[in-house]
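Enquirer: got a predicted structure here, sequence first:
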Amino acid sequence: MIEWCNTNNGFLTALLSLLTLIVSIIAIVVSIRTAKLPYKKKLSLSSSLDIAFSHNPITGTTGSEILGISVNVANIGARNVNITYLGISVKDKTLPGGQQKLTKIRDEVTGTGIIAPTEVKTETFKKADLVHVLSKPSKKAKIFLYTRDTEGKEYYQKAGRAYKLVEQLTKN
């Protein structure tokens, strides 16, 4: 074995050069990823039902009523992101363009603006408005939580079908 290594030192040199090249490429990839880390932009969408509870201490009865839905966006990235829209999007072939965003008419839009890392913004939609708007599309209409930032990137999170959400909101 030692004799073979002595007579074939060009092969060992090429093998060591290849190994050095591979380690150098790995080091470059790691350093590029580390350099990009402070500029990472990532948002997470979630929703929840807004429910009001009441308790009558005289009769001992407890009641509840669904008030609407809250759509939340959390910045889980490493830099500030400017949100231009936060809300609900309905996708249906019968709608113009195949998609429609729900826009609040009577209330102030509160879920826009700059969102810092680990910060959460919330947009609320009233039950009556949702039932009115979501009753119109077909049964195949899909609902998505939706947000868009100033750089034009859009984030979607599937929330179910329109008719099922209307059923849940109108249950007593």
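Expert: Here it is on my side, so go on.

Enquirer: immediately after the longest helix belonging to the chain, which helix or strand?
Expert: Across the chain, the longest stretch assigned as helix under DSSP state H is helix 9-36. Later in the chain than helix 9-36, the nearest helix or strand by DSSP states H and E is strand 43-55.

Enquirer: with just CA atoms, put that following strand into CSV.
Expert: C-alpha atoms of strand 43-55 as CSV (Å, rounded to 0.1, in the frame of the first residue of the first chain):
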residue,chain,number,x,y,z
LEU,A,43,-45.4,36.0,8.0
SER,A,44,-47.8,33.6,9.7
LEU,A,45,-51.6,33.9,9.3
SER,A,46,-54.2,32.6,11.7
SER,A,47,-57.8,33.2,12.6
SER,A,48,-60.2,32.9,15.5
LEU,A,49,-63.9,33.2,16.2
ASP,A,50,-64.8,36.1,18.4
ILE,A,51,-67.3,34.9,21.0
ALA,A,52,-69.0,37.0,23.7
PHE,A,53,-70.0,35.2,27.0
SER,A,54,-72.4,36.5,29.6
HIS,A,55,-73.4,35.2,33.0
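
Enquirer: what number of residues lie near H132?
Expert: H132 has 11 neighbouring residues, counting by other CB atoms under 10 Å. For every residue, glycine as well, the C-beta is placed using N, CA and C.
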